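Asker: Pasting the sequence and the predicted coordinates here, then a few questions.
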Amino acid sequence: MTAAAPTAPARPGLGSEIGRAAKAFPTLLRIGVSEVVAYRAEFLVWILTTNMPLVMLAIWHAVAADGPVGRFDQRAFTAYYLGVLAVRLLTSNWAVWQLSMEIRDGTLSAKLLRPIHPILALAAEHLSAVPMRAAVISPVVAIMLYSGWDRLLRHDPVLLLILLASLVGAWLLIFFSMVLMGSLAFFAESALGIFELWLGVHAIFSGYLVPLEALPHWVRGAANVLPFRFMLGFPVETLVGLLGRHDAVMALGVQWGYVALFGLAALWVWRVGLRTFSAYGG
Amino acid sequence: MSVDVALTPRPAGPVALLRRYTGLFRVQLAISTLTAMQYRTDFVVRGLIAILWMAVTLVPLLVVFGVRKTVAGWSFPESLVVVGWFTLLHAVLEGAVSPSLTAVVEHVRHGTLDFFLLKPADAQFLVSTAKIEPWHVVDVFGALAIFCYAFAKLGRWPRPLELGAGLAFLALAVVILYSFWILVVSASFWVVKVDNLSYLFGSLFDAARWPITVFRGALRIIFTFVFPIALLTTYPAMALLGKLDGKTAVAALAGGLIFAAIARRVWRRALALYTSASS
């Protein structure tokens, strides 16, 4: 990676840039993994902050103790919220905090000097946390498999493929939305504030707090159109067998549409923002 | 730290001391407000966020009570009283407690805590009041609105004695929250990077919007004894609803005060460990 720096041409073509990025990617991933391992205590604390699904699970258990709620009995709630926990932990990242901080304190300028697109480097960094995240959620997945085996994915291999595609889609969608909002720090002092508003809406419309099925009809209608469900609720619903093949394929199409949309929007805001960027420091 | 003690002009008595610290508190509050008003967009956005999160807090409650009349022995208006306490404490936590103490962690890391220690006032007081976020007043009004709605729906307003007990519990809850925070911050003297401990703290506190009786097993024990959200919101709500017996109330109050005393001691120990980062 460092070896490439002195020979880097001033204005590389798109092809060579992608080629170089592809070459650097494995190294970046390795660095990322060792970074996660080095800060493992911190990483675990971060993981523990995602405890809301467990609290909600406890509450719905108390509610469903005297009979099921809609399609959900106690076991369905267990599967759903463990699914939410697993998908959330697997796909989330902290790019928005990182980006807005680096833009504000000027440390971004060092990253701009590297011969690789900063967003690609950022993606590598967060992607390399995924194996560790997978390891951490494995007990959750094990409990889920044990407690809800008979309904997971409706035992349909096609739904398994859709689930995998939807997890990749969810990761990308979350990543791009975070880059988009982090890049707002180029223009607005309150990029993190806007992100917090976004999080609040996300909590309702993604199915994070309450399964979308339990919400009023119009909320569900809105959730099918808004991007939030495709970051969390859709993979979870597929996983716990709430969606049939047809609905899942349709949702997958919408999800990847959103991935493309957010990807383009994020890169555009980034480019426009970068022009206004001036770093501070020696 | 020894410098701090040596230079402190000792005021005459407790009254003078109290007056001095009230004055100091007013100055700190004024500075914080001015700082916050500088960033006007942020100020408005933060206000909006406060309102939005209040709404988000209410959604699961509305959904749950849309399905059932009572959950774990609590009716909808009774649970709203718990949510009211939660909103109020959330305002205190996010508005007054955590911003200052998050700043302390930064100061410890950068070594700028020296400037606090050198000032002729109690360091814990100074760092605890250094940063206040005034837009959380919105939350306080929200909490009052929730209380009014809940008691109107119950058709029964708290009697003076119950109100007194409720206020005593409010004071206790603030002391407990603050003590927890002081413990978290004290941890930063040993392990410097604790800013995500503050996130963990916040996320655990979120569970306090539910009455403790909805939790079973391990969660019930954790939320009663380890991280006592029962003491923070459920007992105060029961006090207002006239459901709390005197013995439990006194025991809870005593427990909270002991906890605060321990936190203060830990802070002093931790401070003794502090070595500046600069030369």
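Answerer: Great, that's in hand.

Asker: which stretch of helix or strand covers residue 79?
Answerer: Reading this off chain A. helix A:74-91 (DSSP states H and E).

Asker: Hmm, no, I was thinking of chain B.
Answerer: Assessed by DSSP H and E, residue B:79 sits inside helix B:76-92.

Asker: before we move on, the earlier item: give me the buried positions along the helix holding residue A:79.
Answerer: Of the residues in helix A:74-91, A:74, A:76-91 count as buried by neighbour count, 16 or more other Cβ atoms under 10 Å in any protein chain shown. Every C-beta, even on glycine, is put in place using the N, C-alpha and C of the backbone.

Asker: OK, contacts around residue B:208?
Answerer: With contacts defined as Cβ atoms under 8 Å, 6 or more residues apart in numbering or on different chains, residue B:208 is in contact with B:85, B:86, B:89, B:229, B:232, B:233.

Asker: Over to residue A:85?
Answerer: By Cβ under 8 Å, 6+ apart, the contact set of residue A:85 is A:50, A:53, A:54, A:137, A:140.

Asker: out of everything not next to it in sequence, what's closest to residue 162?
Answerer: Using chain A here. Distance criterion Cβ to Cβ, 6 or more residues apart in numbering or on different chains; nearest residue to residue A:162, sequence neighbours excluded, is residue A:248 at 4.7 Å.

Asker: Chain B is the one I meant
Answerer: Closest to residue B:162 by Cβ to Cβ, 6+ apart is residue B:242, at 5.1 Å.

Asker: For that neighbour, what are phi and psi?
Answerer: Here is the backbone geometry of residue B:242 (degrees, to the nearest 10): phi 70, psi 30.

Asker: likewise residue B:227?
Answerer: phi -120, psi 90.

Asker: Around the closest residue to it other than its chain neighbours, count how many other residues there are.
Answerer: In space, and not counting its chain neighbours, residue B:227 is closest to residue B:204: 5.4 Å by Cβ to Cβ, 6+ apart. Here the count is done by other Cβ atoms under 10 Å in any protein chain shown, and residue B:204 has 20 residues near it.

Asker: helix, strand or coil for residue B:204?
Answerer: Following DSSP: H, G, I helix; E, B strand; the rest coil, we place residue B:204 in the helix state.

Asker: these two touch, right, it and residue B:226?
Answerer: No - Residue B:204 is beyond contact range of residue B:226, at 9.5 Å (criterion: Cβ atoms under 8 Å).

Asker: Next up, the contacts around the residue nearest to residue B:162.
Answerer: Residue B:242 makes contact with B:158, B:159, B:162 under the criterion Cβ under 8 Å, 6+ apart.

Asker: In the chain, where's the longest helix?
Answerer: If you meant another chain, say so; for now it's chain A. Longest helix in chain A by number of residues (criterion: DSSP state H): helix A:245-276.

Asker: if you could check chain B rather than the one you did, that'd help
Answerer: Assignment by DSSP H gives helix B:160-190 as the longest helix of chain B.

Asker: tilt between that helix and helix B:76-92?
Answerer: Relative orientation of helix B:160-190 versus helix B:76-92 (axes from the mean of the first three to the mean of the last three Cα atoms, to 10 degrees): 40 degrees.

Asker: Does anything pack onto helix B:160-190? Which helices or strands?
Answerer: helix B:76-92, helix B:98-110, helix B:123-128, helix B:195-205, helix B:235-241, helix B:246-273 (3 or more Cβ pairs under 8 Å, 6 or more residues apart in numbering or on different chains; DSSP states H and E).

Asker: avg pLDDT for the second one?
Answerer: The average pLDDT for helix B:98-110 rounds to 78.

Asker: Then the first one?
Answerer: Averaged across helix B:76-92, pLDDT comes to 91.

Asker: got the angle for it vs helix B:98-110?
Answerer: Going by the same axes, to 10 degrees, helix B:76-92 makes 40 degrees with helix B:98-110.

Asker: and helix B:76-92, what does it pack onto?
Answerer: For helix B:76-92, the packing partners by 3+ Cβ pairs under 8 Å, 6+ apart come out as helix B:40-67, helix B:137-154, helix B:160-190, helix B:235-241.

Asker: which non-adjacent residue is nearest residue 165?
Answerer: Using chain A here. Among residues not flanking residue A:165 along the chain, residue A:252 sits closest, at 5.9 Å (Cβ to Cβ, 6+ apart).

Asker: right idea, wrong chain: chain B
Answerer: residue B:239 (4.0 Å).

Asker: can you pull the contacts of that neighbour?
Answerer: Residue B:239 touches B:162, B:165, B:166, B:168, B:169, B:249, counting by Cβ under 8 Å, 6+ apart.

Asker: okay if I get those residues as a markdown table plus pLDDT?
Answerer: Below are the contacts of residue B:239 laid out as a markdown table (pLDDT from 0 to 100):
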| residue | pLDDT |
| --- | --- |
| B:162 | 87 |
| B:165 | 86 |
| B:166 | 87 |
| B:168 | 87 |
| B:169 | 87 |
| B:249 | 82 |
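
Asker: List buried residues within those residues.
Answerer: When those are checked for burial by 16+ other Cβ under 10 Å, the buried set is B:162, B:165, B:166, B:168, B:169, B:249.

Asker: Closest to chain A out of those?
Answerer: Using Cβ to the nearest Cβ, residue B:169 is the member of the buried ones among the contacts of residue B:239 that lies nearest chain A, at 22.1 Å.

Asker: And the pLDDT at the closest residue to that closest one other than its chain neighbours?
Answerer: Once flanking residues are discounted, residue B:169 sits nearest to residue B:236: 3.8 Å by Cβ to Cβ, 6+ apart. On pLDDT, residue B:236 comes in at 89.

Asker: what's the neighbour count on residue B:236?
Answerer: Other residues within reach of residue B:236, judged by other Cβ under 10 Å, total 29.

Asker: residue boundaries of the helices in the stretch 1-150 of chain A?
Answerer: Remark: helices assigned in the stretch 1-150 of chain A by DSSP state H, counting those that start in this stretch are A:4-7, A:14-38, A:40-49, A:52-63, A:74-91, A:95-105, A:108-113, A:118-127, A:130-148.

Asker: Good, wrapping up.
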